[in-house]
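Enquirer: Sharing a model prediction with you, sequence too.
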Amino acid sequence: MKKKVIVGLSGGVDSSVAAYLLKEQGYDVVGVTMQIWQEEDVFTQEEEGGCCGLSAVDDARRVAQLLEIPYYVMNFRSEFQENVINYFVNEYQRGCTPNPCNACNRHVKWEALLKRGLEIGADYIATGHYARIKQLENGRYTIQNSVTAEKDQTYALYNLTQEQLSHTLMPVGAYTKNEIREIAQKIQLPVAHKQDSQDICFIPDGDYAGFIERETGTTYKPGNFVDTEGKILGTHKGIIHYTVGQRKGLGLTAPTPLFVKELRPETNEVVICQSEQLFEKSCYVKDMNYMGMPELRPGEEVDAIGKVRYSHKGAPCKLTLLEDGRVLCRFDEPQRAMTPGQAAVFYRDDYVLCGGTIDRA
């Protein structure tokens with residue numbers, strides 16, 4: 001009897017080819033598009049598209065018809081509002097910079113979709129992410145780097161659970177992006193040349209602050225730019241407009257470039273510094289998810305390669321569990337702009353050991 005797999009069809013080339021590959025491998029494939037945030041008007045549909053709107057549904061339906069697989073649209077708006085949008089807004093209000101795609105992966109694309117998939121008799125869910133599932137000798141499941149470093153998406157998947165990983169397939173991780181497009185073209189998929197989505201799906205115009213103000217009905221008050229000694233340098237336009245490491249849009253003049261070093265929501269201050277002051281050797285990490293390794297024990301020290309943002313190449317570090325449950329990450333060399341709210345993901349060889357959220361000191 002064929003194993004049934006629910007493929008999350010985003011309307012893009014990667015998930016479409018994932019469905020094709022799994023069908024070729026002999027799975028009973030069902031396509032599902034998750035309707036999670038918007039009711040698009042025609043203009044937005046044509047101009048922005050994105051991975052989760054009505055235009056994505058149209059593309060995904062055409063792909064499913066070509067592949068001759070069943071296709072459904074499932075509504076996950078309440079789950080998305082609670083676990084992604086509310087989280088996104090709350091983090092910015094706390095002076096942190098969130099990872100909404102990571103939250104969506106864990107709580108919506110996996111938790112909610114897997115739950116419904118299992119309810120209808122599926123054995124697995126699958127996506128078009130550039131990553132691979134690996135079961136280690138210790139029995140634990142982990143996310144392994146894709147074959148192409150350029151598109152690798154393991155950083156955004158660090159917080160999946162062992163249960164979720166054991167029911168997940170990621171066929172695209174074994175291919176490069178060019179190979180995926182070649183497969184799509186070969187089988188004449190209508191999305192073979194569709195561009196990748198870049199921005200956060202629910203803020204296609206990139207105006208995070210405007211979205212937060214509309215979502216909360218709140219106007220965020222201006223406050224002081226201060227240097228690391230507390231000297232007032234100017235006035236900022238509201239704390240939600242800034243993130244650690246930011247240079248552009250500060251409106252400050254100085255003989256050398258200035259950057260955001262810290263956000264202080266309790267005093268409504270944005271701390272400004274020189275470039276070299278952004279570098280630190282350690283950070284604290286909370287809400288750890290252990291993937292390729294079991295939980296750290298008190299007094300245990302683990303060597304890893306740590307990534308502190310999606311584009312970070314990774315650097316050698318040591319992990320130590322603290323009494324308050326957080327993990328202290330100490331890098332061999334100083335790293336730039338380790339930002340509260342962003343994910344810190346730790347690797348060994350080419351797979352994820354664990355990861356969490358960068359916390360304030």
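Expert: Arrived safely, thanks for sending. Residues are numbered from 1 along each chain as shown.

Enquirer: ok, how many other residues are close to Val73?
Expert: Neighbours of Val73 under the rule other Cβ atoms under 10 Å: 15. Where C-beta positions appear, they are placed from N, C-alpha and C, glycine not excepted.

Enquirer: Just the pLDDT for it.
Expert: The score at Val73 is 93. That number is its pLDDT.

Enquirer: Next up, the contacts around it.
Expert: Each residue near Val73 by Cβ atoms under 8 Å, 6 or more residues apart in numbering is listed here: 32-33, 35, 57.

Enquirer: From Leu233, how far off is the residue lying closest to Leu250 once chain neighbours are set aside?
Expert: For Leu250, ignoring the flanking residues on the chain, the nearest one in space by Cβ to Cβ, 6 or more residues apart in numbering is Leu258 at 6.1 Å. Applying Cβ to Cβ, to the nearest Å, the value for Leu258 to Leu233 is 8 Å.

Enquirer: any shared contact partners between these two?
Expert: With Cβ under 8 Å, 6+ apart as the test, Leu258 and Leu233 both reach 252, 272.

Enquirer: about what we covered before: among the contacts of Val73, which lie within helices?
Expert: Val57 (DSSP state H).

Enquirer: Please identify, among the contacts of Val73, the one with the most neighbours.
Expert: Neighbour tally across the contacts of Val73 (other Cβ under 10 Å): the maximum, 27 neighbours, falls on Thr33.

Enquirer: That residue contacts Ala56, correct?
Expert: Yes - assessed by Cβ atoms under 8 Å, Thr33 is found in contact with Ala56 at 6.2 Å.

Enquirer: got any residues that touch both of the two?
Expert: Any residue near both Thr33 and Ala56 by Cβ under 8 Å, 6+ apart counts here, and that gives 10-11.

Enquirer: burial of Lys231, as a residue count?
Expert: Number of residues near Lys231 (other Cβ under 10 Å) recorded here: 10.

Enquirer: and it, how far is that from Glu269?
Expert: Taken as Cβ to Cβ, the span from Lys231 to Glu269 is 11 Å.

Enquirer: Ok, Arg181 next?
Expert: For Arg181, the distance to Glu269 - Cβ to Cβ - is 48 Å.

Enquirer: Over to Gly306?
Expert: The gap separating Gly306 from Glu269 is 29 Å, by Cβ to Cβ.

Enquirer: More neighbours: which of these two?
Expert: Gly306 (25 against 19).

Enquirer: buried stuff in the helix or strand where that one lies?
Expert: Per DSSP states H and E: Gly306 is located in strand 301-307. Within strand 301-307, the residues that count as buried by 16 or more other Cβ atoms under 10 Å are 302, 304-307.

Enquirer: which among the residues you listed gets closest to His193?
Expert: Lowest distance from His193 to the buried residues of strand 301-307 (Cβ to Cβ) belongs to Lys307, with 30.7 Å.

Enquirer: Touching, Ala174 and Val147? I think so.
Expert: Yes - the pair Ala174 / Val147 is scored as a contact, 6.0 Å apart, by Cβ under 8 Å.
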